[in-house]
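[1] Got a predicted model here, sequence first, then my questions.
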Amino acid sequence: MLKTRLCHELGIDHPIFSAGMGVGMSGAALTAAVSNAGAFGVLGAGGLPAEVTRDLVRETRRLTAKPFGVNILLPLLHEGQIEACLAEKVAAIVLFWGDPTPYVGPVHRAGIKLYIQVGSIDEAEAAAAAGVDGLIVQGNEAGGHVKSTTALSSIVPAVLERVTVPIIASGGIATGRGIVAALSLGAQAVSIGTRFVASTECEVEEEYKRRIVAARAEDTVYTTIFDVGWPDAPHRVLKNEAFAEWSAAGAPRTGERPGEGVEIGALPLAGQHVPVVNYSAFPPVVGFKGDYERAALYCGESCNLVHDIKPAAEIVRDLVAEAERGLKALAA
């Protein structure tokens with residue numbers, strides 16, 4: 001049976017996290033669907049105000065009685081955002097891109113688990129020493145914002161040599177075979193993003209989902225181009241005209257790029273109409289109107305393995321069934 005110690009600690013059936021993709025991509029519907037399917041849904045609250053985060057947690061709770069977490073991006077942290085999650089008694093807070101030390105005590109005193117996503121051995125050791133409950137160890141194959149410059153198959157065992165906290169593997173996983181491989185490396189669970197972007201519940205525009213389904217790994221690139229709103233944060237995206245033009249211009253630095261500052265569309269965010277400019281970090285969430293050839297289309301190399309758009313519950317079911325078949329084959 002596909003169940004690990006971490007499953008028992010969190011009260012879930014399957015060792016699968018949905019990545020808490022920010023700016024509302026991983027909304028209440030996706031988070032609840034994943035949790036209702038027996039996995040661990042993670043609400044994407046990166047860049048959202050505290051009151052919006054609280055409302056999303058409450059909306060998620062109306063849709064599921066199962067445990068779920070909230071992902072918070074520390075460079076985009078809003079005042080009161082973590083406190084809102086503590087007051088709502090979510091099962092876990094997942095941090096990314098910063099030092100978890102100031103939050104370990106308050107989160108644990110509230111009886112909540114604290115995880116952080118890391119991209120290097122040094123970062124993993126420091127976070128484990130700070131007292132987090134587990135590490136989401138990210139490989140460079142991952143989509144979205146990516147700290148790691150190392151493949152998942154290398155970084156997971158290297159981190160496991162140095163820490164004793166549970167490891168959740170993230171990056172390039174979109175199938176049951178990938179789950180079996182991650183567990184074989186020593187991970188207690190996996191965190192999956194790109195496969196869940198191509199779900200009916202993910203709150204991005206259908207054109208973005210279709211592009212992921214049509215893409216191959218070589219259509220993605222690890223870059224820093226989409227930095228307006230979140231500078232100095234490397235990311236993996238689908239190549240588009242914005243990337244091609246920037247590359248053709250010699251990859252000029254920020255402030256000297258072609259078309260910089262030009263408005264390419266708009267999207268709704270936290271009840272407001274937000275303009276989107278060239279090289280913006282905003283993805284095309286539901287309600288985006290604009291040029292997809294200039295938008296940040298976050299996507300991991302696992303797009304090779306994503307062939308359709310379907311409900312999150314079906315995705316979880318298929319992942320578990322394939323993983324269990326794989327484990328039986330290994331045992332045989």
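    Noted; the coordinates are in hand. Residues are numbered from 1 along each chain as shown.

[2] how does the protein divide into domains?
    5-202+307-331, 206-302 (automatic domain parsing).

[3] okay if I get those as CSV plus mean neighbour count?
    Every C-beta, even on glycine, is put in place using the N, C-alpha and C of the backbone. What follows is the domains of the chain, written out as CSV (neighbours: other C-beta atoms under 10 Å):
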stretch, mean neighbour count
domain 5-202+307-331, 21
domain 206-302, 17
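
[4] Save these as a markdown table, and put in mean pLDDT too.
    What follows is these, written out as a markdown table (pLDDT from 0 to 100):
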| stretch | mean pLDDT |
| --- | --- |
| domain 5-202+307-331 | 97 |
| domain 206-302 | 96 |
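
[5] Could you list the residues in contact with the longest helix seen in the chain?
    For the chain, the helix with the greatest residue count under DSSP state H is helix 312-331. Applying C-beta atoms under 8 Å, 6 or more residues apart in numbering, the contact partners of helix 312-331 are 1-2, 14, 16, 18, 30, 33-34, 36-39, 175-177, 179-180, 192, 195-196, 199-202.

[6] do the same with stretch 51-64
    Applying C-beta under 8 Å, 6+ apart, the contact partners of stretch 51-64 are 24, 27-29, 31-33, 35-36, 41, 43, 45, 48, 68, 70, 72, 78, 81, 84-85, 87-88, 90, 270-271.

[7] Show me those residues that map onto strands.
    In strands, judged by DSSP state E, the following of the contacts of stretch 51-64 are found: 41, 43, 68, 70, 72.

[8] now the helices for the stretch 201-332 of the chain?
    Along the stretch 201-332 of the chain, the stretches classed as helices by DSSP state H, counting those that start in this stretch are 206-214, 241-248, 312-331.

[9] out of those, nearest to H108?
    Evaluated over the helices of the stretch 201-332 of the chain, closeness to H108 peaks at helix 312-331, with 28.7 Å, by C-beta to C-beta.

[10] ok now the closest one, how far from the chain's centre?
    Helix 312-331 has its C-alpha centroid displaced from the chain centroid by 21 Å (C-alpha atoms, centre = their mean, to the nearest Å).

[11] now stretch 82-95
    Put simply, stretch 82-95 sits 17 Å off its chain's centre (C-alpha atoms, centre = their mean).

[12] can you give me the end-to-end distance of that stretch?
    By C-alpha to C-alpha, to the nearest Å, the extent of stretch 82-95 from end to end equals 10 Å.

[13] same question, stretch 36-53
    Stretch 36-53 has an end-to-end distance of 20 Å (criterion: C-alpha to C-alpha).

[14] List the contacts of the closest residue to L6 other than its chain neighbours.
    Of all residues not flanking L6 in the chain, Q188 sits nearest, at 3.9 Å (C-beta to C-beta, 6 or more residues apart in numbering). Taking C-beta under 8 Å, 6+ apart, we find Q188 in contact with 4-6, 15, 134, 166-168.

[15] Mind checking which of these are in helices?
    Among these, DSSP H puts 5-6 in helices.

[16] Can you list the neighbours in contact with stretch 29-37?
    Contacts for stretch 29-37 (C-beta under 8 Å, 6+ apart): 12, 14, 16, 18, 40-43, 60, 63-64, 66-68, 196, 199, 201-203, 311-313, 316-317.

[17] At which residues are the helices of the stretch 1-150 of the chain located?
    5-10, 28-36, 50-63, 81-88, 101-109, 121-130.

[18] mind checking how far the first one is from the chain centre?
    To tie it back to what came earlier, the one meant is helix 5-10. Distance, centroid of helix 5-10 to centroid of chain: 20 Å (C-alpha atoms, centre = their mean).
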